[in-house]
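**Student:** Using only what follows, build the 3D model:
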Amino acid sequence: MTADGPVTATVAEVAALLRAHGPALVLTGAGMSTESGIPDYRGPDGNRRVTPMSHQEFTATSEARQRYWARSFIGWQRFTAAEPNAGHLAVTDLQAAGVFGPVITQNVDGLHQEAGTREVTELHGSLAEVVCLTCGERVDRDLVQAFMDDANPGFASRALGSVPDGSQVSSQIRPDGDIVLADEAVRSFLAPRCLVCGDDTLKPDVVFFGGAVPRDRVDLCFSLTDEAPVLVVLGSSLKVMSGYRFVRRAAAHGIPVVVITRGPTRGDAETTHRIDASLGVTLSALAREVGERADRAG
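**Tutor:** Below you'll find the model as predicted:
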């Protein structure tokens with residue numbers, strides 16, 4: 001870090017840092033999955049392009065939950081069709097090479113695990129599970145999707161048209177599986193109910209905006225940060241304190257912070273090594289650099 005901002009680094013310099021210090025803790029954000037077809041909430045400038053449903057809004061009314069589930073019902077098929085991209089695969093390779101260690105992800109899409117990455121802590125939970133806020137019953141998200149499909153025959157075909165801005169619904173997928181959907185379509189949708197208590201308080205087991213990450217999960221991530229020789233941030237603007245606090249913690253302990261993402265971040269003051277570039281290409285190059293050095297050393 002200099003007076004003018006974080007130090008711009010090369011792939012070779014980051015590779016050298018990782019080789020010298022051992023397995024880095026990795027923190028990933030929504031930008032990690034954009035190359036898989038799941039757009040970020042924010043543009044390259046860090047400004048929010050769309051506003052997701054908040055925890056307070058979701059829990060306040062049945063109408064809000066109906067709106068969420070109608071939109072999520074349509075978005076789920078495309079969301080689950082997303083596959084790990086070159087960046088996800090490179091993270092797995094770098095972990096196998098011993099320069100990346102545990103991964104904390106702010107994403108809820110499960111793509112790191114699908115790519116074969118181990119030791120993944122899902123900071124904000126996973127869309128693959130649904131929990132009843134009334135009785136605590138848990139159920140697989142695919143099963144809830146089947147329930148909604150049975151209760152709303154033909155809804156998908158009716159809803160998959162144009163939205164007010166002229167774009168197609170299927171192009172509006174968001175990091176939490178939500179999509180844009182006209183209000184008139186939502187009003188006819190039958191939201192899922194808990195099979196145990198019958199309430200309409202089913203919620204994906206993720207932390208919505210305005211919600212709190214479970215304390216034990218936060219403590220685990222702080223512990224991982226304290227033990228890390230290096231913290232590498234991938235695809236996050238760090239606008240949300242949920243992830244930014246680990247960057248602050250690392251910096252306070254004198255731990256080098258590497259950030260690879262597009263555009264400025266909230267953590268620029270704490271960043272020691274910065275690469276402003278696309279993740280897939282950059283991480284693939286980093287994996288090659290580490291592998292080639294290892295081959296030469298061998």
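**Student:** From now on I want contacts and neighbour counts done on CA atoms only, so please keep to that.
**Tutor:** Will do.
**Student:** and L25, what helix or strand is that in?
**Tutor:** strand 24-28 (DSSP states H and E).
**Student:** just V130 next, same as before
**Tutor:** Per DSSP H and E, the secondary structure element for V130 is strand 125-132.
**Student:** roughly how far is stretch 61-78 from the heart of the chain?
**Tutor:** 19 Å (Cα atoms, centre = their mean, to the nearest Å).
**Student:** these two touch, right, V207 and V213?
**Tutor:** Yes: counting by Cα atoms under 8 Å, V207 touches V213, with 6.3 Å between them.
**Student:** Of those two, which one has the most company?
**Tutor:** Here V207 and V213 are compared on neighbour count by other Cα atoms under 10 Å; more neighbours surround V207, at 21 against 15.
**Student:** And the helices in this protein, which stretches?
**Tutor:** 11-21, 55-60, 62-81, 86-96, 111-114, 141-151, 155-159, 183-186, 215-227, 241-252, 279-297 (DSSP state H).
**Student:** From the contact counts, what lies against the strand holding L25?
**Tutor:** strand 100-105, strand 231-234 (3 or more Cα pairs under 8 Å, 6 or more residues apart in numbering; DSSP states H and E).
**Student:** So which other helices or strands are in contact with the first one?
**Tutor:** So the one you mean is strand 100-105. strand 24-28, helix 86-96, strand 120-122.
**Student:** buried set for the longest one?
**Tutor:** Buried positions in helix 86-96, judged by neighbour count with 16 or more other Cα atoms under 10 Å: A86, G87, H88, L89, A90, V91, T92, D93, L94, Q95.
**Student:** Nearest the middle, which residue of the chain would you pick?
**Tutor:** N107 (1.6 Å; Cα atoms, centre = their mean).
**Student:** In this structure F246 contacts T225, no?
**Tutor:** Yes: with contact defined as Cα under 8 Å, F246 and T225 form a contacting pair (6.5 Å).
**Student:** ok, back up a step: shared neighbours of V207 and V213, which are they?
**Tutor:** H124 (Cα atoms under 8 Å, 6 or more residues apart in numbering).
**Student:** follow-up on the earlier one: quick one, which of the helices and strands packed on strand 100-105 is nearest to V233?
**Tutor:** strand 24-28 (4.7 Å; Cα to Cα).
**Student:** tell me the angle the closest one makes with helix 215-227.
**Tutor:** For strand 24-28 against helix 215-227, the angle by axes from the mean of the first three to the mean of the last three Cα atoms, to 10 degrees is 140 degrees.
**Student:** where does the stretch 51-200 of the chain dip in pLDDT?
**Tutor:** Across the stretch 51-200 of the chain, the ranges flagged by pLDDT under 70 are 51, 160-180, 182.
**Student:** Could you rerun that using 90?
**Tutor:** Applying pLDDT under 90 to the stretch 51-200 of the chain flags residues 51-53, 71, 74-81, 154-188.
**Student:** I'm done for today, thanks for sticking with me.
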